[in-house]
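**Student:** Got a sequence here, can you model it:
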Amino acid sequence: MKRILVTCPPMLGLLDEFMEPAKQQGLELVAAKTTQVLTEEELIQLLPEYDGWIIGDDPATKRVFQAAVGGKLKAAVKWGIGVDNVDFSACHELNIPITNTPNMFGGEVADLAMCYLLSLARQTHFIDREIRSNFSWPKPAGMSISGKHIGVIGFGDIGRNLTKRLSGFDVSATVYDPGVEGNGGFSFVERKVFPDGVDRCDFLIFTCSLNEHNYHMLDADVISSMKKGAMVINVARGPLIDEAALIHALQTGHISAAGLDVFEVEPLANSSELRNMPQCIFGSHNGSNTREGVRRATYKAIDEMASFLANR
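**Tutor:** Now for the predicted structure:
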């Protein structure tokens with residue numbers, strides 16, 4: 001039986017369900033003790049004892065893989081599509097087979113983006129908090145969605161699923177993605193090169209992967225060109241946004257509100273000024289985490305790991 005360390009929190013949440021199916025493929029799944037990510041040092045201590053690693057958002061660096069392959073590690077699978085935290089080049093150099101599990105939960109993450117859009121527009125989060133915590137009965141005026149212009153960053157699995165959902169809301173949209181051509185068959189979509197046209201957007205929604213070219217793509221300069229009162233939603237990766245610049249824009253009111261499932265540092269620091277902004281909605285990097293989505297990604301990850309280890 002090959003021992004597999006699992007460090008992906010959504011998979012860990014349903015791990016008992018996957019133990020027997022994995023066992024039937026010769027894999028013993030072992031849960032790491034983590035709430036979001038392990039540190040490099042923790043991984044360097046743990047991984048040499050395992051034959052495989054199902055990776056979450058941990059720092060899967062060359063240093064970590066070098067230590068792991070010095071022990072028993074023979075294969076790795078990145079759970080989910082995002083690979084910004086994984087040094088694939090190091091794996092190839094060290095002869096460690098590795099893959100990710102793309103196109104497993106674009107719809108689920110798009111659903112969360114829509115949840116943030118609707119909640120921010122109607123301030124349902126604010127009303128809920130006031131009723132629960134302050135025994136008040138507030139009636140803030142919301143924003144109608146119909147007729148608004150939405151900026152969508154990324155036209156991959158998540159971006160296309162989000163655009164599909166937006167098609168029922170009588171909006172127009174600008175979609176940004178240098179790797180994809182065309183409007184995907186959505187007549188209400190125009191294409192532009194980022195950040196052209198962000199001044200039109202009532203909402204700017206990030207769904208793209210993080211890479212060396214788009215770090216802090218939403219910075220103070222881009223924010224200054226956005227419409228006053230616009231809202232920002234991020235269900236992709238925290239470092240796409242210069243968080244300090246966003247906080248300043250929220251404090252001045254240039255950006256009226258934000259829905260953030262991801263942050264530059266996770267979990268969000270207790271001292272973060274974002275915690276003092278009741279106009280915002282926050283998540284715990286949990287966009288993919290539905291039972292259905294987790295099952296799809298996990299069974300794919302187990303199949304990939306078993307295939308890798310069958311020949312080793």
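**Student:** distance of Ile255 from Phe155?
**Tutor:** According to Cβ to Cβ, to the nearest Å, Ile255 and Phe155 sit 23 Å apart. (Glycine included, C-beta is placed from N, CA and C.)
**Student:** Ok, Glu190 next?
**Tutor:** Glu190 is 12 Å from Phe155, by Cβ to Cβ.
**Student:** And those two? Which one has more around it.
**Tutor:** Legend: neighbour count by other Cβ atoms under 10 Å for Glu190 and Phe155, higher for Phe155 (25 against 14).
**Student:** My guess is Asp202 contacts Ile233. True?
**Tutor:** No: judged on Cβ atoms under 8 Å, Asp202 makes no contact with Ile233 at a distance of 11.2 Å.
**Student:** Tell me which of those two has more neighbours.
**Tutor:** For Asp202 versus Ile233, neighbours defined as other Cβ under 10 Å are more numerous around Ile233 (28 against 20).
**Student:** Then the more buried one would be within a strand, right?
**Tutor:** Yes: counting by DSSP: H, G, I helix; E, B strand; the rest coil, one finds Ile233 located in a strand.
**Student:** residue ranges of the helices in this protein, please?
**Tutor:** 9-13, 15-23, 40-46, 62-69, 88-93, 106-122, 124-134, 157-166, 220-225, 243-252, 291-310 (DSSP state H).
**Student:** hmm, back to that, now the common contact residues for Glu190 and Phe155.
**Tutor:** Val175 (Cβ atoms under 8 Å, 6 or more residues apart in numbering).
**Student:** Now for the residue most central in space within the chain: which residues touch it?
**Tutor:** Central residue of the chain (Cα atoms, centre = their mean): Ala236, 3.6 Å from the mean position. Applying Cβ under 8 Å, 6+ apart, one finds that Ala236 lies in contact with 82, 153-154, 158, 206-210, 262.
**Student:** I'd guessed Asn286 sits against Asp261; true?
**Tutor:** Yes: counting by Cβ under 8 Å, Asn286 touches Asp261, with 6.5 Å between them.
**Student:** who has more neighbours, the two?
**Tutor:** Asp261 (25 against 16).
**Student:** what about that one, distance to Gly179?
**Tutor:** For Asp261 relative to Gly179 (Cβ to Cβ), the value is 23 Å.
**Student:** For Asn311, give me the pLDDT.
**Tutor:** Listed pLDDT for Asn311 reads 75.
**Student:** re earlier: quick check: bridge partners of the spatially closest residue to the residue nearest to the centre of the chain that is not a sequence neighbour?
**Tutor:** In space, and not counting its chain neighbours, Ala236 is closest to Phe206: 4.5 Å by Cβ to Cβ, 6 or more residues apart in numbering. For Phe206, the beta-bridge partners under DSSP bridges are Ile153, Asn234.
**Student:** For the residue nearest to Leu14 when sequence neighbours are not counted, the count of nearby residues, please.
**Tutor:** Using Cβ to Cβ, 6+ apart and skipping the chain neighbours, the partner closest in space to Leu14 is Val294 (5.5 Å). If you count neighbours by other Cβ under 10 Å, Val294 ends up with 26.
**Student:** State the distance from Val294 to Gly56.
**Tutor:** Here Val294 is placed at a distance of 12 Å from Gly56 (Cβ to Cβ).
**Student:** Quickly list what's touching both of the two.
**Tutor:** With Cβ under 8 Å, 6+ apart, Val294 and Gly56 have common neighbours 10-11.
**Student:** chain center to stretch 286-299, what's the gap?
**Tutor:** Taking Cα atoms, centre = their mean, to the nearest Å, one finds stretch 286-299 lying 13 Å from the centre of the chain it belongs to.
**Student:** CA atoms only: put it into CSV for me.
**Tutor:** Only the C-alpha atoms of stretch 286-299 are listed here, as CSV (Å, rounded to 0.1, in the frame of the first residue of the first chain):
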residue,chain,number,x,y,z
ASN,A,286,-13.6,28.1,-0.3
GLY,A,287,-15.1,28.7,-3.8
SER,A,288,-14.7,25.2,-5.1
ASN,A,289,-15.9,23.5,-1.9
THR,A,290,-19.2,21.8,-2.7
ARG,A,291,-19.6,18.1,-2.1
GLU,A,292,-20.2,17.5,-5.8
GLY,A,293,-17.2,19.5,-6.9
VAL,A,294,-14.9,18.0,-4.3
ARG,A,295,-15.9,14.5,-5.3
ARG,A,296,-15.2,15.2,-9.0
ALA,A,297,-11.7,16.7,-8.3
THR,A,298,-10.8,14.1,-5.7
TYR,A,299,-11.6,11.0,-7.7
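**Student:** rewinding a little: which two from the contacts of Ala236 end up farthest apart in space?
**Tutor:** Farthest-apart pair in the contacts of Ala236 is Gly82 and Ile153; separation 14.3 Å (Cβ to Cβ).
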